[in-house]
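Participant: Build me a structure from this.
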Amino acid sequence: MKLYNSLTRRKEEFKPINEGIVKMYTCGPTVYYYPHIGNMRAYVFMDTLRRVLKYNGYKINGVMNITDVGHLTDDSDNGEDKMEKMAKSTNTSPYEIAAKYTKIFFDDLNSLNIDVPEHITKATEYIDQMINFVKKLEDKGYTYIIDDGVYFDVSKFPGYGQLSQKDMESIGVARVEENDQKRHPFDFALWKFVEPSHIMKWDSPWGVGCPGWHIECSAMSGDILGEHFDIHTGGIDHKSIHHENEIAQNDCAWGHRVVECWMHNEFLQVDGGKMSKSLGNIYTINQLSDMGYEPLAYKYFCLNTSYSKKINFTFDAIKAAQSALNSIRKILQEHKNGSAKVSAEVIAGYKEEFLNAINDDLNTPLALGVLFKMIKSEAKSIDIYNLALDFDKVFAIGLDRVVVEEVVDIPEEIQELAELRWQSKQAKDWTKADEYRKIITDKGYAILDSKDGYKIEKL
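Facilitator: Reported below is the predicted structural model:
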């Protein structure tokens, strides 16, 4: 089994530290708002990795954190406290905000058939461990104190920058505008002092405050997985700062390399660009469901692209994913009721192809290709159905589900909007026509134009 290690920048044969068991840490969400489909790609990736490891016979001791302390939402040590901001805007407490969005996150995981790690750790429940971790770094001479907190001195760790290949020559030369007391531009906060009015705050040997973002993961992984573990996963956006800083904390605290393999999933884009609230193109799993798309269709969409490549979300793509998933399920029901026999050699051949695909750095597009070739090429046989369900131990996209065709009645409002759009097109008012199309799409329907008119479909 080979996995791409972001630290060494190459595919490596995976061999766990302890035979038969994999110790693995995943960066979880900051629970101040609804998780969107870009966020959820990281957990589809985590799920696939866990399932492939289990398919290969490994047991897993996994940890995923929940960042329920609001200031921990920004790579910048001066980032706004989004949880307190959200709490004030809704007249609730940060703790209520955290509880609400933690539940929503786990509801999304459940709808996506995500294999949840064995240990779920909340930042607010690990403050003592974080303080002790900072003390350990302080005792070893890696910290210093300035007006706004306790900082890590990266110049004392020669390995800093190894994950993201930062330009270390700039250390000692460049300054950080926001805080000119820092010794070096890449130094980062381990403990931040806060104002008395701050809601989420704790006592510490250095003063009342709250932990820096990066210390959270080091303290939790060390407490549960120990000073040496196999795999750390997260989104590519964490690679250059958060994970770089984790390595510095871990390796300096323990005195050796802590994580053997770092793995990162790439970004999800929408219509070829970045998701943003201003563009109105941020979607949640629940919103896709309201539009008529299964969460598992989104998962199937993700699995059709390697976790290490950018993926472009469009409504055409999710529609195609839902259609393809339904088609596979229908064919499998035919196999389930089939009477043909498939030889053991043929079954073994397909299984070997599948295993070779998933064991080549989780090549799910190739593995799905094996599935599709198998169900299309062979006579209808329950042997093929059973093997497909075996493959679904990795995909986890509900291949055993029976597809029920839905007769869709187009609401009168949508029909009226579609007619207004058609009239705008006839008048060559393209701007107005596009506005009507967007309204129709936002309500979960698509307009398909033809030379004779148009057709309305539910997305």
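
Participant: Could you tell me the end-to-end distance of stretch 291-311?
Facilitator: Using CA to CA, to the nearest Å, one end of stretch 291-311 lies 21 Å from the other.

Participant: In it, which residues are buried?
Facilitator: Using 16 or more other CB atoms under 10 Å as the test for burial, stretch 291-311 gives 291-307, 311. Backbone N, C-alpha and C define where each C-beta goes, glycine included.

Participant: For it, the averaged confidence score.
Facilitator: Mean pLDDT, taken over the full extent of stretch 291-311, equals 97.

Participant: Next: stretch 139-159.
Facilitator: Across stretch 139-159, pLDDT averages out at 97.

Participant: And the contacts of it?
Facilitator: Contacts made with stretch 139-159 from outside it, assessed by CB atoms under 8 Å, 6 or more residues apart in numbering, are listed as 77, 134, 137-138, 160, 171-172, 179, 181-184, 186-193, 206, 209, 212, 245, 247-249, 251-253.

Participant: Measure how far that stretch is from the centre of its chain, please.
Facilitator: Offset of stretch 139-159 from its chain centre (CA atoms, centre = their mean, to the nearest Å): 30 Å.

Participant: Could you do stretch 291-300 as well?
Facilitator: Stretch 291-300 has its average C-alpha position 16 Å from the chain's average C-alpha position, going by CA atoms, centre = their mean.

Participant: Show residues contacting that stretch.
Facilitator: Residues external to stretch 291-300 that are found in contact with it (CB under 8 Å, 6+ apart): 37, 40, 44, 108, 111-113, 285, 288-289, 318-319, 321-322, 324-325, 395-398, 444, 458-459.

Participant: how close does Lys82 get to Asp68?
Facilitator: As for Lys82, its distance to Asp68 is 12 Å (criterion: CB to CB, to the nearest Å).

Participant: And Val134, by the same measure?
Facilitator: 19 Å.

Participant: What residue spans form the domains of this protein?
Facilitator: Under the assignment named as automatic domain parsing, the residue ranges that make up the domains of the chain are 2-265, 269-395, 412-458.

Participant: Need the winner for burial among those domains.
Facilitator: Of those, the one with the most neighbours on average (mean count of other CB atoms under 10 Å) is domain 2-265, at a mean of 19.

Participant: Can you measure across that one, start residue to end residue?
Facilitator: Counting by CA to CA, the length from the leading to the trailing residue of domain 2-265 is 16 Å.

Participant: Setting aside sequence-adjacent positions, which residue approaches Thr284 most closely?
Facilitator: Among residues not flanking Thr284 along the chain, Tyr34 sits closest, at 5.0 Å (CB to CB, 6 or more residues apart in numbering).

Participant: Could you list the low-pLDDT ranges of the stretch 101-250 of the chain?
Facilitator: Segments of the stretch 101-250 of the chain classed as low confidence (criterion: pLDDT under 70) are 167-178.

Participant: what are the ranges of the helices in it?
Facilitator: If DSSP state H, counting those that start in this stretch is used as the criterion, the helices of the stretch 101-250 of the chain fall at 127-139, 213-225, 244-254.

Participant: Just send those helices back as CSV, with distance to Gly453 too.
Facilitator: Below are the helices of the stretch 101-250 of the chain laid out as CSV (distance: least, CB to CB, whole Å):
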stretch, distance to Gly453
helix 127-139, 63
helix 213-225, 55
helix 244-254, 56
